[in-house]
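**Student:** Build me a model:
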Amino acid sequence: MKRFLYLAYYLKQMDWKKLDLFLDYTTQKTSRNKISILFEAILSVFKYNISILEFFQFRFFEQSHLDRSTWAGTGYMFEYQLKMNPKSERTILDDKTKFYKKYGNYFVHTVADIEALKKNNDLAQKLIDNSSGKIVFKVADGKCGIDVQIENTEKFMPTTMVAFMEKNSFDLVEEFITQHPELSKLSSSAVNTVRIFTQLDKNNKVDLLGCRLRISVNSSVDNMAAGNMAAVIDETTGIVTGKGVYSDITKPDEEVHPVTGVAIVGFQIPFWKETLEMVKKAALQYPQNRSIGWDIVITENGPGFIEGNHDWCKLLWQLPAKKGLKELLKPHLS
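**Tutor:** Got it, this is the predicted structure:
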């Protein structure tokens, strides 16, 4: 019954243009007709607990039953993350305002919510005077770079900043982050963040489920959902070991950045030791949330948090690895 509800949800949220694109591509790849492919995709919702689009994104049309069973899809991850990060506890991750207040020691840029700005003109002025000349407005529950607005600081005074936020329903404002020069060479269109997935085991030891570099491609954000790439980072060395991959199955993997020409494979993430130390320390701070996807910015002054995700993305986790990673999660369910 639960998976019938999941199917209804997938249909309601469906990107029909993307589905049609994926069906065309798969038809060309397999020489099968669209109806048979779509029927198999719907059956996979029930058999493998994935979404319809994930049938294509995980490339199930090329895989055996054994290979398919290794992938963690939307339904599986929803149930897993609900157990790892209970609804009563995940609010500190779901709400960006609460997150920066709880994990503020790990930030390398200035952040303020609207209530703090109303009480402190100096804080607003500090944001206006930041060296980047830009500020970023956000809503507390925004996802995937949605409901984000970047503005030049010269447009604001402390009082007009608050008025702007009230008029546009923004909850907080941040100093625009200047990423490390090496990451700018790779791609300067957006801040390219590192995503590290942490999991606490039964003894509250921090396990790393994976590390990924999100790479912007002519985009103001770096999310895969916005058409960008992601690549695997070796957790020991901080070196990117895999090609950049898209969630759009019609696009080829990239060994070098398609715009800048900088090599993706072999790219060294700066401050890697410090990044791992920060994440492992933060993962233990509120152990009631046991499985978190951390978004990290790397600057000239070191790493800092952007946000933590209780519902971290299964595509970002698995697609760059080119395989299903469900086996990494199973020990934590027993």
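
**Student:** ok, residues contacting stretch 176-187?
**Tutor:** With contacts defined as CB atoms under 8 Å, 6 or more residues apart in numbering, stretch 176-187 is touched by 108-109, 130-136, 150, 191-192, 215-217, 257, 259-260, 262, 264, 267-268, 270-271, 297-300, 304, 306. Where you see a C-beta, it was placed from the backbone N, CA and C, and this is true even at glycine.

**Student:** at 7 Å instead, please
**Tutor:** For stretch 176-187, the external contacting residues (CB atoms under 7 Å, 6 or more residues apart in numbering) are 109, 132, 134-136, 150, 191-192, 215-217, 257, 259-260, 262, 267, 270, 297-300.

**Student:** Could you list the low-pLDDT ranges of the chain?
**Tutor:** Where the chain drops to pLDDT under 70, the residues are 143-146.

**Student:** domains of it?
**Tutor:** Following automatic domain parsing, one finds the domains of the chain at 2-69, 110-175, 180-333.

**Student:** looking at the ones you listed, which is closest to residue 80?
**Tutor:** Nearest to residue 80, of all those, is domain 180-333, at 5.8 Å by CB to CB.

**Student:** end-to-end on the closest one?
**Tutor:** Domain 180-333 has an end-to-end distance of 38 Å (criterion: CA to CA, to the nearest Å).

**Student:** burial count for the closest residue to residue 263 other than its chain neighbours?
**Tutor:** Once flanking residues are discounted, residue 263 sits nearest to residue 256: 5.2 Å by CB to CB, 6 or more residues apart in numbering. Residue 256 has 16 neighbours, counted by other CB atoms under 10 Å.

**Student:** Roughly how far does residue 256 sit from residue 262?
**Tutor:** Distance from residue 256 to residue 262, counting by CB to CB, to the nearest Å: 6 Å.

**Student:** re earlier: and residue 102, which of the domains of the chain is closest to it?
**Tutor:** Closest to residue 102 of these, according to CB to CB: domain 180-333, at 6.8 Å.

**Student:** Now find how far off-centre the closest one is within its chain.
**Tutor:** Relative to its chain's centre, domain 180-333 lies at 8 Å (CA atoms, centre = their mean, to the nearest Å).

**Student:** all strands for the chain, in order.
**Tutor:** Using DSSP state E, the strands of the chain run over 111-113, 134-138, 148-152, 172-175, 194-200, 206-215, 229-232, 291-299, 302-309.

**Student:** would you turn those into JSON lines with distance to residue 96?
**Tutor:** Below are the strands of the chain laid out as JSON lines (distance: least, CB to CB, whole Å):
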{"stretch": "strand 111-113", "distance to residue 96": "8"}
{"stretch": "strand 134-138", "distance to residue 96": "6"}
{"stretch": "strand 148-152", "distance to residue 96": "10"}
{"stretch": "strand 172-175", "distance to residue 96": "6"}
{"stretch": "strand 194-200", "distance to residue 96": "16"}
{"stretch": "strand 206-215", "distance to residue 96": "18"}
{"stretch": "strand 229-232", "distance to residue 96": "22"}
{"stretch": "strand 291-299", "distance to residue 96": "11"}
{"stretch": "strand 302-309", "distance to residue 96": "6"}
